[in-house]
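[1] how does the following fold in three dimensions:
(one chain, ligands or ions: 1)
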Amino acid sequence: VYTPLFKEHTATVAAKLVAKLNANENPYGPSPKSIKALKDAADAGNRYGWGHLSQLVDMIAEKEGVSKEHIMMGPGSSDLLEKFALVYFMNGGTVLSADPSYMSLMNVAKSVGAEWKGVTLNKDWSHDLDAMEKAITPDTKMVYICNPNNPTGTITSYEKLKDFCSRVSEKVPVFVDEAYLEFVEGEDGKSMVSLLNEGKNVIVARTFSKIHGMAGLRVGYVAALPETLEAVQKITRGGMGISNTSIYAAIASMKDTGFQDASRLKNKEARDYTFGRLKEMGFDPVPSHTSFMIFPQTEYEGREFLNKMMAHGIGVRSFEIYDKTWCRVSMGTMKEMQLFTDALGKVIG
Ligand code: PLP
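    Numbers count the residues shown, from 1 in each chain. All right, here's what the predicted structure looks like:
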């Protein structure tokens, strides 16, 4: 049964952290314009949010270059990952993804009886798309791709992934989780959403939790074929879980592209600094295209390492990947990254 991280998050909050770098949150958000919209909208708390939700969906559809029938909203993308897992796997089947990857959808699928098949990443940490395609069987009901991938922070090339999605989605739906795509520079930062206009059966998840800095306000969406969304929404309604105030905040945040650009820039500065410092300290971090980074630490078992970091007021995560213990650190402010590297130096001196 899927155990959410709630307990761990509660523990880290209770520990009064000086740098909370364990949940890939944006340290700069929400945008001041978004906060103002949220406060101004408090009076509308007695109303359901459908009217403004429709306005938000129009804005998202325009940005993505699809119709509003291609969009399903949710209180964060987790809600949509879980809903799709329930609807697609309530009668069993196999879900295919990279291993390691972001396990939310697979964990719920497994809980309702699905089988998970994980495919090892390539040496350069990109998805092994050839192996994934070969692993598809008649029992495969969905392929899940997280790009850039969590927990590794690495990307799969736009062209290769587009080619894969285009071909594979003829056989089985491809769910592409693009939670961190806004942090990727250049061609590889392009979304798979354009495939919807070619009628391809891709399901693209996006979130306001990362670049918009709205993790606690809970807004996300999926772009998919209208018939896909109709089938899902026959069973479970989209948008019902988002509070009216968060809808207003999301509308304001979408308009505030300056805030998004500043987040991207400051995230990159923190990432470059952290990467450089880790290298100087003798660690071997994996180049990241996201708002977090992993590196192996072989000194301690995972829980012991987390406790030692927490004793210095630093919250990070630990993962077991390919027989090694890795630290995943989210990008905070520059000050927080200094505190993190200083504490790390004391823990592993
Ligand atoms: N997808 C990925 C890859 C994530 O890392 C996260 C959160 O960390 C989510 C989805 C869920 O985000 P939210 O539910 O806040 O939209």
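[2] where exactly do the strands run in the stretch 151-300 of the chain?
    Using DSSP state E, counting those that start in this stretch, the strands of the stretch 151-300 of the chain run over 174-177, 202-207, 220-223, 292-296.
[3] the helix ranked longest in the chain versus strand 292-296: what angle between them?
    Secondary structure assigned by DSSP state H gives helix 257-280 as the longest helix of the chain. Relative orientation of helix 257-280 versus strand 292-296 (axes from the mean of the first three to the mean of the last three Cα atoms, to 10 degrees): 10 degrees.
[4] which neighbouring elements make contact with helix 257-280?
    Secondary-structure packing of helix 257-280 (3 or more Cβ pairs under 8 Å, 6 or more residues apart in numbering; DSSP states H and E): helix 32-40, strand 292-296, helix 334-347. Placement of C-beta: from N, CA and C, glycine included.
[5] in CSV: the strands of the stretch 151-300 of the chain, plus mean pLDDT and distance to Met281.
    Listed next are these as CSV, based on pLDDT from 0 to 100; distance: least, Cβ to Cβ, whole Å:
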stretch, mean pLDDT, distance to Met281
strand 174-177, 99, 32
strand 202-207, 98, 32
strand 220-223, 98, 36
strand 292-296, 98, 10
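[6] closest one to the ligand among those?
    Between the ligand and the strands of the stretch 151-300 of the chain, the shortest gap by Cβ to the nearest ligand atom is with strand 202-207, which sits at 3.2 Å.
[7] okay, now the sheet partners of the closest one, with direction.
    Here strand 202-207 has these sheet partners by DSSP bridges: strand 174-177 (parallel), strand 220-223 (antiparallel).
[8] of these, which is nearest Ser34?
    Set against Ser34 and scored by Cβ to Cβ, these come closest in strand 220-223, at 15.1 Å.
[9] can you list contacts of the closest one?
    For strand 220-223, contacts defined as Cβ atoms under 8 Å, 6 or more residues apart in numbering pick out 57, 60, 64, 66, 70-80, 84, 193, 196, 203-209, 229, 238.
[10] one more: stretch 247-267?
    Taking Cβ under 8 Å, 6+ apart as the rule, stretch 247-267 contacts 26, 28-38, 40-41, 44, 49, 52-53, 55-56, 59-60, 63, 182-183, 208, 211-214, 217, 219, 291, 331, 333-334.
[11] spatially nearest residue to Glu182 (excluding sequence neighbours)?
    Nearest residue to Glu182, sequence neighbours excluded (Cβ to Cβ, 6 or more residues apart in numbering): Ile211, at 3.9 Å.
[12] quick revisit: now which of the contacts of stretch 247-267 would you call buried?
    By neighbour count, with 16 or more other Cβ atoms under 10 Å, the contacts of stretch 247-267 hold 26, 29-31, 33-35, 37-38, 41, 44, 49, 52-53, 56, 60, 182-183, 208, 211-214, 217, 219, 291, 331 as buried.
[13] ok so, going back, got the CA positions of the longest helix of the chain in CSV?
    Included here for helix 257-280 are C-alpha records, laid out as CSV according to Å, rounded to 0.1, in the frame of the first residue of the first chain:
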residue,chain,number,x,y,z
THR,A,257,6.1,36.0,-16.6
GLY,A,258,8.8,38.3,-15.0
PHE,A,259,8.5,36.3,-11.8
GLN,A,260,8.9,33.0,-13.7
ASP,A,261,12.0,34.3,-15.5
ALA,A,262,13.5,35.5,-12.2
SER,A,263,12.8,32.1,-10.6
ARG,A,264,14.5,30.3,-13.5
LEU,A,265,17.5,32.6,-13.3
LYS,A,266,18.0,32.4,-9.5
ASN,A,267,17.5,28.7,-9.6
LYS,A,268,20.3,28.4,-12.2
GLU,A,269,22.6,30.5,-10.1
ALA,A,270,21.9,28.3,-7.1
ARG,A,271,22.4,25.2,-9.2
ASP,A,272,25.7,26.4,-10.6
TYR,A,273,27.0,27.4,-7.2
THR,A,274,25.9,24.1,-5.6
PHE,A,275,27.4,22.0,-8.4
GLY,A,276,30.7,23.9,-8.1
ARG,A,277,30.9,23.7,-4.4
LEU,A,278,30.1,19.9,-4.4
LYS,A,279,32.8,19.3,-6.9
GLU,A,280,35.3,21.2,-4.8
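[14] what about that helix, average pLDDT?
    On average, the pLDDT along helix 257-280 is 98.
[15] thank you, goodbye.
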